[in-house]
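Visitor: Structure here, sequence nowhere to be found:
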């Protein structure tokens, strides 16, 4: 069943109307809900959102003969929610989601008769959880049910909102304040929910090591100990007995901001087992930036994810990127992850006014072990492997986005264009071509 006609018509209207207007600050999120009181201290609110995004991709097969190229499609995401709560004492949150990929009037598309789970999830339970709070000023909270995790800088744990179906876990999460609102420890046990495009989402075995894993963690966030700073300490465990995975991740993150300067760094160490092999891997990030007045900001960063130096030595050294938001960090074309990589980036942002924001980013990519490990995309899947010694330079990417919020109508739009310049690694390992990516997104929150 294709997208209902009124939704397709509405998408065309939105795209035509706002592609010629100053095009949503990506971070603008005007949560607009209908609220009412059931009793003096019990409140309910209902609302939702409709997001439509057109994507056009060219050259993503890197010149592979027979590949469908170019490729374009329209994504829709409809969400509705109901929230009932009594302050911080208790709350019930239920959210449904209908996500689809549509090619009714497009050509050279993805297969929308058997859509991938990143594109489609016919109306399903997206979130559904119970909150219980207690202690002085409700310093402790227990959340049980289908929920989202977004911790730290989202390099390892994120709900991945860019993807049409997003990411949720069935989980138990306990949060406890330690000496104030600025210091919190989160403890959780969870299982990622596998998306079944045409059936109710359950934990049936998928054969995918990430979806079939249990995920546990202890995450401390401290904004009180060091002035103008945020310190995070964490321990994470991803366990999949069928795949032979027991990956322990220990990390620390430091974030500093004062005046016009900001800086952050993160170090991650992994031990345990991966695919029944001994696993030891590393990753790191360091970045800094400076604001120029109130409108401009320039940031620079370096990211490293270890790779496997010898695939035949009985050890696994490729960093396990876990459940990240790679889209925000390693290029908007989603061609890279924090695995077997050196990445340098520069990002310039300009707030033209209160509602319009421009972003220009340059990304460079090199493989840590180009001859013995793979080039991995944002989903952790290998794109290409070399048969022998080759150049480590994979290429570079330029991303441009123009974002605007139409506040009176609770509508936001995001326009983007990216270009990938293929490097010598691509040229030496098979077919080679540059790639292009264009998207136009509109979101209405009601």
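Guide: Alright, I've got the coordinates. All values derive from a computational prediction rather than experimental measurement.

Visitor: When you work out contacts or count neighbours from here on, use the C-alpha atoms and nothing else.
Guide: OK.

Visitor: can you give me phi and psi for residue 424?
Guide: The phi/psi pair for residue 424 (degrees, to the nearest 10) reads phi -70, psi -30.

Visitor: mind listing what residue 183 touches?
Guide: Neighbouring residues of residue 183 by CA atoms under 8 Å, 6 or more residues apart in numbering: 177, 220, 221, 222, 223, 224.

Visitor: Show me what it bridges to in the sheet.
Guide: residue 222 (DSSP bridges).

Visitor: For it, give its distance to residue 266.
Guide: 18 Å (CA to CA, to the nearest Å).

Visitor: now residue 218
Guide: As judged by CA to CA, residue 218 and residue 266 stand 16 Å apart.

Visitor: Which one's more surrounded, the two?
Guide: Using other CA atoms under 10 Å as the criterion, residue 218 and residue 266 rank with residue 266 on top: 21 against 18.

Visitor: what's the neighbour count on the residue lying closest to that one once chain neighbours are set aside?
Guide: Closest residue to residue 266 apart from its sequence neighbours, by CA to CA, 6 or more residues apart in numbering: residue 253 at 4.2 Å. For residue 253, the neighbour count with other CA under 10 Å is 20.

Visitor: need the contact list for residue 253.
Guide: Residue 253 neighbours (CA under 8 Å, 6+ apart): 152, 231, 232, 233, 264, 265, 266, 267.

Visitor: What strand or helix carries the second one?
Guide: In other words, residue 231. For residue 231, the element it lies in under DSSP states H and E is strand 229-240.

Visitor: who does that strand pair up with?
Guide: In the sheet, strand 229-240 lines up against strand 214-222 (antiparallel), strand 245-258 (antiparallel) (DSSP bridges).

Visitor: Show me where this protein has its helices.
Guide: 5-19, 424-428 (DSSP state H).

Visitor: Mean pLDDT lowest where, among those helices?
Guide: Out of the helices of the chain, helix 5-19 stands lowest, with a mean of 35 (criterion: mean pLDDT).

Visitor: Show me the beta-bridge partners of the nearest residue to residue 393 once chain neighbours are set aside.
Guide: Among residues not flanking residue 393 along the chain, residue 366 sits closest, at 4.5 Å (CA to CA, 6+ apart). Assessed by DSSP bridges, residue 366 has beta-bridge partners residue 342, residue 393.

Visitor: Can you check what pLDDT the model gives residue 366?
Guide: 98.

Visitor: so how far is residue 426 from it?
Guide: With CA to CA as the criterion, residue 366 and residue 426 are 11 Å apart.

Visitor: where do the contact lists of these two overlap?
Guide: 394, 395.

Visitor: The two: who's more crowded?
Guide: A count of neighbours by other CA under 10 Å puts residue 426 above the other of residue 366 and residue 426, at 24 against 21.

Visitor: what are the bridge partners for the closest residue to residue 436 other than its chain neighbours, then?
Guide: For residue 436, the nearest residue in space outside its immediate sequence neighbours is residue 419; the separation is 4.6 Å by CA to CA, 6+ apart. Beta-bridge partners for residue 419, by DSSP bridges, are residue 398, residue 436.

Visitor: Read off the pLDDT value for residue 419.
Guide: pLDDT, residue 419: 98.
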